[in-house]
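>>> Build me a model from this:
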Amino acid sequence: MTHFLELLRDILVYAAPPAILIWALRRWWRISPRISEPAWRSYLAIGAIGFAGISSLLWLVSLIWARVIGGFPYYDHVLLGFYRWGGWTSTVGLFISLIGKGKLRWPACGLSFLMELFWAMAAMGE
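Okay, the predicted model is just below:
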């Protein structure tokens, strides 16, 4: 049973952010009117999914980096940098997605919120 829970946790932590990002981008590419009026709000939604993608990329890079070096020591400056930049990019993506408009708005909002939770939980565990 614990093996199943570990597998479920790994799927959630490693696969959920990239899967949501890929799903949102594929959905956006398939729809013909990509930019709706007012255009600046649509561009904000595109920027929000970009920030959410950067945050999830930082999350994956930090996990891979930790595996390669054998884990981070407490209060490692590289780890704190990951926390700082990951938290900022997810927060900016969340706030921009609330202002944005279009098909990418809600996927960007959801992914940014998920990444915000991941970064907060990881930082609290430090």
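
>>> Chain neighbours aside, what residue packs nearest to the spatially most central residue of the chain?
Centroid-nearest residue in the chain: Ser56, 3.5 Å away (criterion: Cα atoms, centre = their mean). Counting by Cβ to Cβ, 6 or more residues apart in numbering, Pro17 is the residue found nearest to Ser56 once chain neighbours are left out, at 3.7 Å. C-beta here means a position set from N, CA and C on the backbone, and glycine is covered the same way.

>>> Find the helix or strand that Gly71 is a member of.
Per DSSP states H and E: Gly71 is located in neither a helix nor a strand.

>>> can you count the residues close to it?
Residues contacting Gly71 under the criterion other Cβ atoms under 10 Å number 10.

>>> contacting residues around the residue nearest to the centre of the chain?
Neighbouring residues of Ser56 by Cβ atoms under 8 Å, 6 or more residues apart in numbering: Pro17, Pro18, Leu21, Leu111, Met115.

>>> likewise Tyr43?
Tyr43 touches Ile35, Gly100, counting by Cβ under 8 Å, 6+ apart.

>>> Look up how far Phe72 lies from the closest residue in space to Ala24 that isn't next to it in sequence.
Distance criterion Cβ to Cβ, 6+ apart; nearest residue to Ala24, sequence neighbours excluded, is Pro107 at 3.4 Å. With distances taken as Cβ to Cβ, to the nearest Å, Pro107 is found 30 Å from Phe72.

>>> Show me where the chain has its helices.
Residue ranges of the helices in the chain, as given by DSSP state H, are 2-10, 16-30, 39-69, 77-99, 105-124.

>>> coming back round to it: isn't the residue nearest to Ala24 right up against Ile49?
Yes - with contact taken as Cβ atoms under 8 Å, Pro107 and Ile49 are classed as touching, separated by 6.7 Å.
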